[in-house]
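**Q** Sequence plus the predicted model coming up.
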Amino acid sequence: MMALYLRDLKLATRAGGGALTGILFFMAVVAVVPFGLGPDLKLLAQVGPAMLWIGALLASLLGLDRLFQAEREDGALDVMLMQETPLVLIVFVKCLAHWTASGLPLVLVSPLLGLFLNMQPTAIFATMLTLLAGTPAITLIGAMGAAVAVALPRGGLLVSILVLPLVIPVLIFGVSAAYAAVEDPAPFLPPFMILTAITLFFAVIGPAAAAVALRASSE
């Protein structure tokens, strides 16, 4: 499992792996917001958490279609299906590696972009915390869509269409928790706990559903 994790991490971070593309896309989405909204610093601070979440969500969707595509093309997927190691565990490790390479950098760069949007330190920290708790759910949900579309030659658009409705609750509770941290008397903990519960739920359901879809695609 460690070898698989390191292999997927290396594939995701090398040239053309998509990790750097996601970060650049995230920065580009947030960077154009001030040009669209104007020089109102108060308005930028108000929409900051929502824009960071929207940018992170869209950036996280970029490389999901390649989650199982390389294994499908070189035959490694058939080897994974025949191994004694449960396929659910293999899918979970691949999702973890993908999030480490693509999702975690978005979380780490979000404070810098928060300053660009004139957000207060409390709002920046709250948004970063919600991204840390919520972005793994996007990857886990995306694994289901990637597994369904793995046999298609150009399944990138299909993955986004399948995944987007399922990640809307993650966006809603992530933004709600970020705003609740800076707006009284809205409590931060309830939406954050729901966001964490969504991630834990898909940590169980996502790999299992993806494993079923991968086995179905190989038959």
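**A** Done, it's in.

**Q** hmm, who's touching stretch 96-105?
**A** With CB atoms under 8 Å, 6 or more residues apart in numbering as the test, stretch 96-105 has contacts from 4-9, 12-13, 17-19, 22-23, 59-60, 62-64, 67, 135-136, 138-139, 143. Using the backbone N, CA and C atoms, a C-beta is placed for each residue, glycine as well.

**Q** just the buried members of those residues?
**A** 4, 8-9, 12-13, 17-19, 22-23, 59-60, 62-64, 67, 135-136, 138-139, 143 (16 or more other CB atoms under 10 Å).

**Q** How about V182: what's its closest non-neighbour residue?
**A** Of all residues not flanking V182 in the chain, A123 sits nearest, at 4.7 Å (CB to CB, 6 or more residues apart in numbering).

**Q** and after the helix or strand of the chain with the lowest mean pLDDT, which helix or strand comes next?
**A** Using mean pLDDT, DSSP states H and E, helix 69-74 stands out as the lowest-scoring helix or strand of the chain, at a mean of 70. Heading C-terminal from helix 69-74, the first helix or strand you meet, by DSSP states H and E, is helix 76-82.

**Q** Whatever helix or strand the residue nearest to V182 lives in - contacts with which helices or strands?
**A** Here A123, judged by DSSP H and E, is contained in helix 121-148. With contacts taken as 3 or more CB pairs under 8 Å, 6 or more residues apart in numbering; DSSP states H and E, helix 121-148 sits against helix 41-61, helix 87-98, helix 104-116, helix 156-180, helix 189-218.

**Q** Next, the angle helix 41-61 makes with it.
**A** In terms of direction (axes from the mean of the first three to the mean of the last three CA atoms, to 10 degrees), helix 121-148 departs from helix 41-61 by 20 degrees.

**Q** For helix 121-148, which residues meet the burial criterion?
**A** Under 16+ other CB under 10 Å, the buried positions of helix 121-148 are 123-148.

**Q** That one - what's its average pLDDT?
**A** Helix 121-148 carries an average pLDDT of 92.

**Q** quick one: it to chain centroid distance?
**A** Put simply, helix 121-148 sits 5 Å off its chain's centre (CA atoms, centre = their mean, to the nearest Å).

**Q** now that helix against helix 87-98, angle please.
**A** Here helix 121-148 points in a direction 140 degrees away from that of helix 87-98 (the same axes, to 10 degrees).
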